[in-house]
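*Asks:* sequence unknown, structure follows:
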């Protein structure tokens, strides 16, 4: 694929941040019509099918016989656990606050990448990690005192952990698999386990196939999951991974705004403070020091 222009990069980043932010209140709204696990299964299955159609021209890169264990592990971590736990958890607490806790993931990823992938740990990253944990502590303590569910908080943290582990796993095997096929097949594998989970604990007859739900489902499946992940990997392939990471902090902030707009969710001063700490931590963990980069380039040349 050809490199993206600056205008294309800005458009892709804006699209990704917008749809991944609006996903949270939309997913919360959908729970009025469907059991959570089956909803997670249906939307990830549709997204997986759409990505398979995109990946088909390069079917030789699938290598299912060799790569199926990697697809399976990624599907369980990134899809079955991440989407399953997050969709169940949204039933216990406001979408904006829930997304703020889940987006502790970049902070956890900084620790795991340092321990398991040998990535550097700067003072700014260490400060970011500390701020992130303090922020989640403030959100959790404030939320519990103001009536938020302890179960919801634990499910948000579990979602962040599963997403983190899945990301580390994909980073470790990234050179041996095609990223588009990895995303498509992990969605299909993960949705299969979600269907088994939902079929055992929920009922398909409980789904209300109303126009509002169908519109919500199709938007999330197409734009958030299928196109969203495709755009993400298009940015990564074009060398824009660092920009994606540095702008992640906008997603929970916008999710909070969309949740207040669509769901009329209220945020107290204490919870708002925790949110700011989490956002600041993600920014510090993802920041790139220009001075350090210039020194490094000067040493190379």
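*Replies:* In hand now; what should we look at? What you see is a predicted model; the values in this text were computed from it and never measured. Numbering: from 1, shown residues only.

*Asks:* rest of the way, CA atoms for contacts and neighbours
*Replies:* Fine.

*Asks:* ok, and the closest non-adjacent residue to residue 191?
*Replies:* Of all residues not flanking residue 191 in the chain, residue 41 sits nearest, at 4.6 Å (C-alpha to C-alpha, 6 or more residues apart in numbering).

*Asks:* got a list of what the one you found touches?
*Replies:* Contacts for residue 41 (C-alpha atoms under 8 Å, 6 or more residues apart in numbering) come out as 84, 190, 191, 192, 194, 195, 198.

*Asks:* Give me the neighbour count for residue 270.
*Replies:* 14 (other C-alpha atoms under 10 Å).

*Asks:* That one contacts residue 138, doesn't it?
*Replies:* Yes: with contact defined as C-alpha atoms under 8 Å, residue 270 counts as touching residue 138 (7.1 Å).

*Asks:* Can you pull the poorly scored residue ranges out of the chain?
*Replies:* Within the chain, the ranges that satisfy pLDDT under 70 run 1-2, 139-147, 236-249, 267, 285-301.

*Asks:* Name the nearest residue to residue 232, sequence neighbours excluded.
*Replies:* Using C-alpha to C-alpha, 6+ apart, the closest residue to residue 232 is residue 16 (7.1 Å).

*Asks:* er, residue 12 actually
*Replies:* In space, residue 12 is closest to residue 231, 6.5 Å off (C-alpha to C-alpha, 6+ apart).

*Asks:* And residue 199, by the same measure?
*Replies:* Per C-alpha to C-alpha, 6+ apart, closest to residue 199 is residue 38, 7.4 Å.

*Asks:* mind checking how far that neighbour is from residue 263?
*Replies:* The spacing between residue 38 and residue 263, counted by C-alpha to C-alpha, to the nearest Å, is 22 Å.

*Asks:* do the same with residue 138
*Replies:* Residue 138 is 23 Å from residue 263, by C-alpha to C-alpha.

*Asks:* before we move on, back to that, gap between the residue nearest to residue 191 and residue 76?
*Replies:* Between residue 41 and residue 76 the computed distance is 12 Å (C-alpha to C-alpha).

*Asks:* list residues touching both of the two?
*Replies:* Common contact partners of residue 41 and residue 76 (C-alpha under 8 Å, 6+ apart): residue 190.

*Asks:* what sits against residue 131?
*Replies:* 277, 278, 280, 281.

*Asks:* Residue 25: which of these is nearest?
*Replies:* Taking C-alpha to C-alpha as the measure, residue 25 lies nearest residue 278 of those, at 19.2 Å.

*Asks:* that older thread, the residue nearest to residue 199: helix or strand, and which one exactly?
*Replies:* Assigning secondary structure by DSSP states H and E places residue 38 in helix 36-55.

*Asks:* thinking again about what came up before, might one say that the residue nearest to residue 232 is in contact with residue 228?
*Replies:* Yes: the criterion here is C-alpha under 8 Å, and residue 16 meets it with residue 228 at 5.8 Å.

*Asks:* Next, count neighbours for residue 3.
*Replies:* Neighbour count for residue 3, taken as other C-alpha under 10 Å: 13.

*Asks:* still on that earlier bit, helix or strand for the residue nearest to residue 12, which one?
*Replies:* Per DSSP H and E, residue 231 falls inside helix 228-237.

*Asks:* list the buried ones in that helix?
*Replies:* Using 16 or more other C-alpha atoms under 10 Å as the test for burial, helix 228-237 gives 228, 229, 230, 231, 232, 233, 234, 235.

*Asks:* Mind giving me the packing neighbours of that helix?
*Replies:* Other elements packing on helix 228-237 under the criterion 3 or more C-alpha pairs under 8 Å, 6 or more residues apart in numbering; DSSP states H and E are helix 6-30, helix 179-201, helix 241-246.

*Asks:* Please repeat the previous calculation with a cut-off of 7 Å.
*Replies:* Using 3 or more C-alpha pairs under 7 Å, 6 or more residues apart in numbering; DSSP states H and E, the elements in contact with helix 228-237 are helix 6-30.

*Asks:* what residues does the helix it packs on touch?
*Replies:* Contact with helix 6-30 is made by 90, 95, 99, 213, 216, 220, 223-224, 228, 231, 244, 251-252, 254-255, 258-259, 263, as judged by C-alpha atoms under 7 Å, 6 or more residues apart in numbering.

*Asks:* Could you tell me the angle between it and helix 228-237?
*Replies:* If you take axes from the mean of the first three to the mean of the last three C-alpha atoms, to 10 degrees, helix 6-30 sits at 150 degrees to helix 228-237.

*Asks:* Of all the residues in helix 6-30, which ones are buried?
*Replies:* Across helix 6-30, burial judged by 16+ other C-alpha under 10 Å covers 9, 12-13, 15-30.

*Asks:* residues of the helix or strand where residue 168 lies that come out buried?
*Replies:* Using DSSP H and E, residue 168 sits within helix 150-173. Buried residues in helix 150-173, defined by neighbour count with 16+ other C-alpha under 10 Å: 152-153, 155-170.
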